[in-house]
Structure formats: C-alpha cells, structure tokens
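*Asks:* Take a look and give me a structure for this.
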Amino acid sequence: MENSIRIHVPVSVSYTALEGVLKSQLIGKYIPKPEKEVDSSPYAQILDVGIGGSSSGPNRIVLRLKIKILRTVMKRDQVDLYVLATLKYDNSSQLLYVQQFQLTSRTSSGLYNTALEVLVNNVAYNQILSKARVPVKDIINQELIKVNAMLEQGLDLKGIKLMGAVDEVTILDIAPRPDKVTFSVELKGNAEANILDLSKLLGSR
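*Replies:* Model prediction:
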C-alpha cells in the first residue's frame, strides 16, 4: 500500500542554523547589486547578519543587518539595521522566505536614521530580503536520512520492531519562537510492525 502511514511531528530548527544559511547568502553583497554596463556605485555592503525571535505577532522574526555605507554623503563604516519580518513557507519550492518587513536604523542621529531607512527600504526587498530564502528541504532531508536509516535497521518501540521508510515530507505550518522556528511536518511512508513482546504492550494486569 502506497504511503500506508501518515505521521504529524513537530520539527524545530534553531536560529543558529538559519543564521548560518543567511550569512552564506548575504555577507559581502552590495546594495544595490552592481549591474553590468551601469555606471553607478552601490550604496552599501552587508558585513554581517543575525536572526532572532519576536513577540510582536504571528510568524514574525527580527533580522539584524550590519552594513557599511559607501556613498560619500551618508558614508559610515558600520550601521545596524533591524528588520521586523513576517515569515512565509512555500511548499512547492520548499523555501522559507520573508513575506513582509519593516526596516529601521539605529544610530545617534534621528535625521540620519530617517534618510537611511528611506534609502534602504527602496531597495531592501529586491536587493536583500528576496535573497534571504532558506531551503528548508535541505535541512529536513538531513534528518530524514537519519530516520530512514533507523527504520531500515528496525526501530524498537516497547516490544514492537518498526521497519519501513518515509517517502514524502510536507510542511503544514510554521511557528517562529523565541529561540527557534518550529515546523508542523507531515511524514508519509510505508511501515510494518513486528510484535516482539506482548507483555510490554499489554502491561501488567
């Protein structure tokens, strides 16, 4: 029988793991991205990226971008930008991405903050956040390999030996929390159970 079992399990991914992916995607990138045959220098370069939970609403996280301003008028070696972002998951591409965002700058100058926010917001989504897409499939597939390895050998559960394989993974929901992002995952596959000890199943009477 095809996909004879369906199991719903919570899967947690730490912000540290997500941050590692974002760092590899964004650090060193220019805003906006330089284009061939266009004589225009970028406004800024991304130096570092951080990510953490937020209590401001459902599916929200905080992204911290440390950037270097390159243009003469607003030039600074280091500025921290904070992005309050709403996460969305696309099952077809299996990517976690930013759906909406609100960006703020934190320096000692209110005028500078306002000017920088206007400047960066004009290019933020297309040049920064559209690239901040996490391939959740790759992360979950690593765990799936481990699960299938255990099922291939047989998993002992209170007198039952469970064998089989998980064939398909679907993410039903996402829930960012203070220290991690939790995914509600549906596993589909095939399994067979061999009862090895009835006493463990029935318990003492």
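*Asks:* After the lengthiest helix in the chain, heading C-terminal, what element do we hit next?
*Replies:* Counting residues, the longest helix in the chain under DSSP state H turns out to be helix 136-153. Using DSSP states H and E, the helix or strand that directly follows helix 136-153 along the chain is strand 155-157.
*Asks:* Any figure for the gap between residue 164 and residue 184?
*Replies:* 22 Å (Cβ to Cβ, to the nearest Å). Every residue, glycine included, has its C-beta placed from N, CA and C.
*Asks:* out of these two, which sits in the busier spot?
*Replies:* The neighbour comparison of residue 164 against residue 184 (other Cβ atoms under 10 Å) goes to residue 164, with 17 against 14.
*Asks:* Could you give me the buried positions within the longest helix of the chain?
*Replies:* Neighbour-count burial for helix 136-153, counted by 16 or more other Cβ atoms under 10 Å, picks out 136-137, 139-140, 144, 147, 151.
*Asks:* list the helices and strands it packs on?
*Replies:* strand 5-14, strand 160-176, strand 180-195 (3 or more Cβ pairs under 8 Å, 6 or more residues apart in numbering; DSSP states H and E).
*Asks:* what stretches of this structure score poorly on pLDDT?
*Replies:* Scanning the chain for pLDDT under 70 picks out 1-3, 32-39, 72-76, 103, 105-131, 197-205.
*Asks:* what's the domain layout of it?
*Replies:* Listed domain ranges for the chain are 5-10+137-202, 16-134 (source: automatic domain parsing).
*Asks:* Quick check: end-to-end length of the longest one?
*Replies:* Right, the one you point to is domain 16-134. 13 Å (Cα to Cα, to the nearest Å).
*Asks:* So what touches the longest helix of the chain?
*Replies:* 11, 13, 17, 89, 94-96, 162-166, 169, 171, 183, 185, 191 (Cβ atoms under 8 Å, 6 or more residues apart in numbering).
*Asks:* again, 6 Å this time
*Replies:* The contact list for helix 136-153 (Cβ atoms under 6 Å, 6 or more residues apart in numbering) reads 13, 94, 96, 163-166, 169.
*Asks:* Could you check the angle that helix makes with strand 180-195?
*Replies:* 20 degrees (axes from the mean of the first three to the mean of the last three Cα atoms, to 10 degrees).
*Asks:* And for the closest residue to residue 163 other than its chain neighbours, the neighbour number?
*Replies:* Of all residues beyond its chain neighbours, the one nearest residue 163 is residue 154 (4.9 Å), with distances taken as Cβ to Cβ, 6 or more residues apart in numbering. Using other Cβ under 10 Å, residue 154 has 15 other residues around it.
*Asks:* and if you look at residue 178?
*Replies:* For residue 178, using other Cβ under 10 Å, the count is 9.
*Asks:* OK, contacts around it?
*Replies:* By Cβ under 6 Å, 6+ apart, residue 178 lies in contact with residue 53.
*Asks:* same deal with the one 5 residues further on?
*Replies:* In this structure, residue 183 makes contact with 11, 171, 174, judged by Cβ under 6 Å, 6+ apart.
*Asks:* mind putting the residues you listed in CSV, neighbour count and distance to residue 50 included?
*Replies:* Putting these into CSV (neighbours: other Cβ atoms under 10 Å; distance: Cβ to Cβ, whole Å) gives the following:
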residue, neighbour count, distance to residue 50
11, 18, 23
171, 18, 24
174, 17, 19
